[in-house]
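In: Any chance you can model this:
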Amino acid sequence: MKAAIRRMGNSQGVIIPKPVLAEIGAKAGDKFDMKVERGKIVMVRSRRKPREGWAEASKALAAAGEGGLVWPEFGNEADKDWTW
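Out: Predicted coordinates for the structure are as follows:
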């Protein structure tokens with residue numbers, strides 16, 4: 001399949017045909033990282049940010065009463081002085 005570089009405002013871009021997007025499971029709005037490898041443009045789906053969603057997951061654990069220490073015997077001596 002051939003494509004052409006087109007002017008888009010002050011930039012230039014390539015329209016990716018819908019069948020190509022469907023083949024890789026992508027859709028409009030998906031985030032990709034782009035790099036050049038050996039003279040080729042390579043686009044890779046962006047990974048989630050480290051620890052993305054952890055805050056919501058910890059709130060859900062606390063609400064379920066499962067937010068305690070996994071290994072309470074390894075706590076620090078001063079832990080009892082902290083207010084959580």
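
In: Flag the shaky bits of this protein, pLDDT-wise.
Out: 72, 75, 84 (pLDDT under 70).

In: switch to 90 and redo it
Out: Residues of the chain meeting the criterion pLDDT under 90: 1-3, 20-21, 24-31, 44-54, 57-59, 61-84.

In: those strands in it, which residues are they?
Out: Here the chain has its strands, by DSSP state E, at 6-8, 11-13, 32-37, 40-45.

In: Distance to residue 73 and mean neighbour count for those - can I get that in JSON lines?
Out: Quick note: C-beta positions are derived from backbone N, CA and C, even for glycine. Converted to JSON lines, these look like this (distance: least, CB to CB, whole Å; neighbours: other CB atoms under 10 Å):
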{"stretch": "strand 6-8", "distance to residue 73": "60", "mean neighbour count": "9"}
{"stretch": "strand 11-13", "distance to residue 73": "58", "mean neighbour count": "9"}
{"stretch": "strand 32-37", "distance to residue 73": "43", "mean neighbour count": "9"}
{"stretch": "strand 40-45", "distance to residue 73": "42", "mean neighbour count": "10"}
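
In: Redo those as CSV? Include distance to residue 62.
Out: Output for these, formatted as CSV (distance: least, CB to CB, whole Å):
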stretch, distance to residue 62
strand 6-8, 47
strand 11-13, 45
strand 32-37, 34
strand 40-45, 32
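
In: between these, which one is nearest to residue 20?
Out: strand 40-45 (10.9 Å; CB to CB).

In: Walk me through which strands that closest one pairs with, and which way each runs.
Out: Its sheet considered, strand 40-45 pairs with strand 32-37 (antiparallel) by DSSP bridges.
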